[in-house]
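Peer 1: Got a predicted structure here, sequence first:
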Amino acid sequence: MGVLALTCLDLPDDIYYNKGRNMANPTNRIKISVVIPALNEERYLPNCIQSLKSQNFEHPYEIIVVNNNSTDRTAEVASDMGATVVLEPHIGITWARQKGLETAQGEIVACVDADTVVPKDWLQQIYHTLGDDDEIVGASGKIFYTKGDTWKGKLPALLGSVILYSDMAFRYLFGKPGTLWGGNFAVRKRAVIKAGGFNKKIKFFGEDTELSLRLGKIGKIKFNKKQLAYTSPRRFESQPLLKTFWSLIANFVWLVMFERDFESRKRLKFPLLKKSFRVALYTGSILIVPIALVFYAFNPASQIYGKVYSAGFDRKEKVIALTFDDGPDEPYTSEVLKILDDYHIKATFFVIGKNAEYYPSTVKEIIKHGHIIGNHSYSHSYRLPFESKNKIQEDVLKTENIIYRLTGRKTGLYRPPHGLRTPWFLKDVQGMHYSIITWNDMTDDYDSAEDSEEIAQAIIKKACADGIIDLHDGKDSSHGINRSNTVKALPLILTQLKKEGYSFVTLPDLLQISAYK
């Protein structure tokens, strides 16, 4: 765990520096200052601070709570938990962040909202992105919204990824890359100072976009998909939904196009600019539609295009199903089979037809060891879900026949290649009496560069009762692809989940469906 600079801790002078204590050894200086703007946040703040205190960061860091003129116990709560508390009497998130910037002793300033919780590796991910590369002046990551109590509070959880990719797409069109999301970003302090600091003229919406545009002229802003944050949808529940979304979209589009905040439109009297803004707003709205269609085509839990099984049913037992994609691939599939035997676990292998033809004896071994086999297309092509009905059925049937010839079984389980679906694709495959299986727990273990421990931790973190884990014993229709990272991660996953009380069941048992026709 990293060394935390907290005002309530009596730490030796040689391991931290805070409130002006400048250590002779530069390695002991604060690397990251976390700034939390807080206006009446006594309810949310404890969880936020606790997640920051639990970081596995190896360098000294500090937590600064900027009391934005709160009338509740925000300041007391923050102080009791050991954070540095400073007062900013001017109410406004940019005022608060600027005060945090001026107070910060770290060379990197990380910003998070008071209602946000971050994983243990959040600071490490930020430091990994920024590090010593002066060309990179900002780092941003994904924000996941928790589900609210009302329908308005549930929308952000469904649309969060759509908004993120719309942001990136719109910036790309106008040549303004560098997404920064207000509840999850970090900046190099000297770069922000050089850019003029936080813009106090912006009250709330658009302040992160405006900062990213100024920083983008100084250096690069990098997006790190592993830099995660979890926040509440309360602002969508407490305010009129259309007004909130309008403010978000209007400010974003106006800023990206003209690099000035939306309120400034009132001072512009040029019809051409007004017309350009309307065009840009309509363009942005239109972009959301195809991006949303793509999002729901890949989202493993989406039922919009047709019924899929991404998890089991709500039961009290902590049961979970283990699945593997893209095999067989030797020697790795056989190594996986041996590990599963050692742990007395049965899994489901979604095989690619081409790979099954190449490793026929391995397919037979999967059945011999008591595991289930599913159909994962013949060549794992991205194009398949967009093909005609005849080509889709030809591909599915070709793999089905290969499996039947090798095992004597006609599988009734199908996993779309890459998880990609279209409405007609699902209809055609389901018309062949298949159940469509996706997942709710997967990481990028298919990337040979991924570390086995990181793979294991990512899977363990997402594990839940009635979950479906998706790992890869192969990759696409290639042969001999190195899958040693998955093989090494597997015992770590199984050991930890068993310690946590999980029991492993097959997909048919989890979903209460038939494995074979």
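Peer 2: Received, thanks. What you see is a predicted model; the values in this text were computed from it and never measured. Residues are numbered from 1 along each chain as shown.
Peer 1: And stretch 445-460, what's buried?
Peer 2: Asp445, Tyr446, Glu450, Ser452, Glu454, Ile455, Ala456, Gln457, Ala458, Ile459, Ile460 (16 or more other CB atoms under 10 Å). The C-beta positions use only the backbone N, C-alpha and C, and glycine is treated the same way.
Peer 1: which residues touch Lys488?
Peer 2: Ser452 (CB atoms under 8 Å, 6 or more residues apart in numbering).
Peer 1: Quote the end-to-end distance of stretch 505-517.
Peer 2: By CA to CA, to the nearest Å, the extent of stretch 505-517 from end to end equals 20 Å.
Peer 1: my guess is Met190 is in a helix, correct?
Peer 2: Not quite, residue 190 is Arg, not Met. Yes: counting by DSSP: H, G, I helix; E, B strand; the rest coil, Arg190 is part of a helix.
Peer 1: ok, it - contacts?
Peer 2: When contacts are taken as CB under 8 Å, 6+ apart, Arg190 is in contact with Glu107.
Peer 1: wait, doesn't Arg73 sit right on Asn40?
Peer 2: No: Arg73 is beyond contact range of Asn40, at 9.1 Å (criterion: CB atoms under 8 Å).
Peer 1: who touches both of the two?
Peer 2: By CB under 8 Å, 6+ apart, no residue touches both Arg73 and Asn40.
Peer 1: Just the pLDDT for Glu58.
Peer 2: With respect to pLDDT, Glu58 has a value of 89.
Peer 1: Which of the three states applies to it?
Peer 2: Classified using three-state DSSP, Glu58 is coil.
Peer 1: Then Phe144?
Peer 2: Criterion first, three-state DSSP; result for Phe144: strand.
Peer 1: State the number of residues packed around Trp95.
Peer 2: 19 (other CB atoms under 10 Å).
Peer 1: That one and Glu76: what is the separation?
Peer 2: 21 Å (CB to CB, to the nearest Å).
Peer 1: Give me the contacts around stretch 50-58.
Peer 2: Counting by CB under 8 Å, 6+ apart, 1-2, 4, 6, 31-32, 34, 61, 63, 81-82, 112, 117-124, 127 sit against stretch 50-58.
Peer 1: Between the two ends of that stretch, what distance do you get?
Peer 2: 17 Å.
Peer 1: So this protein: which segments form each domain?
Peer 2: Domain ranges of the chain: 4-234, 319-511, per automatic domain parsing.
Peer 1: The stretch 1-150 of the chain: helices as residue ranges?
Peer 2: 45-53, 74-80, 93-103, 122-130 (DSSP state H, counting those that start in this stretch).
Peer 1: elements contacting the shortest one?
Peer 2: This points to helix 74-80. Judged by 3 or more CB pairs under 8 Å, 6 or more residues apart in numbering; DSSP states H and E, the packing partners of helix 74-80 are strand 32-38, helix 45-53, strand 61-67, strand 84-87.
Peer 1: which one of the ones you listed lies closest to Arg409?
Peer 2: Proximity to Arg409 (CB to CB) singles out helix 45-53 among these, at 47.4 Å.
Peer 1: so the closest one versus strand 61-67, what angle?
Peer 2: Here helix 45-53 runs at an angle of 160 degrees relative to strand 61-67 (axes from the mean of the first three to the mean of the last three CA atoms, to 10 degrees).
Peer 1: which intervals of the stretch 51-200 of the chain have sub-threshold pLDDT?
Peer 2: 149, 151-153, 158-162, 165, 169-170, 173-174 (pLDDT under 70).
Peer 1: that older thread, could I get the domains of the chain as TSV with distance to Ala301?
Peer 2: Shown next, in TSV, are these (distance: least, CB to CB, whole Å):
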stretch	distance to Ala301
domain 4-234	10
domain 319-511	6
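Peer 1: Of these, give the one that comes closest to Gln303.
Peer 2: domain 319-511 (9.9 Å).
Peer 1: Nearest to Pro300, out of the domains of the chain?
Peer 2: Judging the domains of the chain by CB to CB, what sits closest to Pro300 is domain 319-511, at 3.6 Å.
Peer 1: end-to-end on the closest one?
Peer 2: Note: domain 319-511 ends 11 Å apart using CA to CA.
Peer 1: next one: that domain to chain centre, how far?
Peer 2: 22 Å (CA atoms, centre = their mean, to the nearest Å).
Peer 1: Phe298 is nearest to which of the helices of the stretch 1-150 of the chain?
Peer 2: Of those, nearest to Phe298 by CB to CB is helix 122-130, at 23.1 Å.
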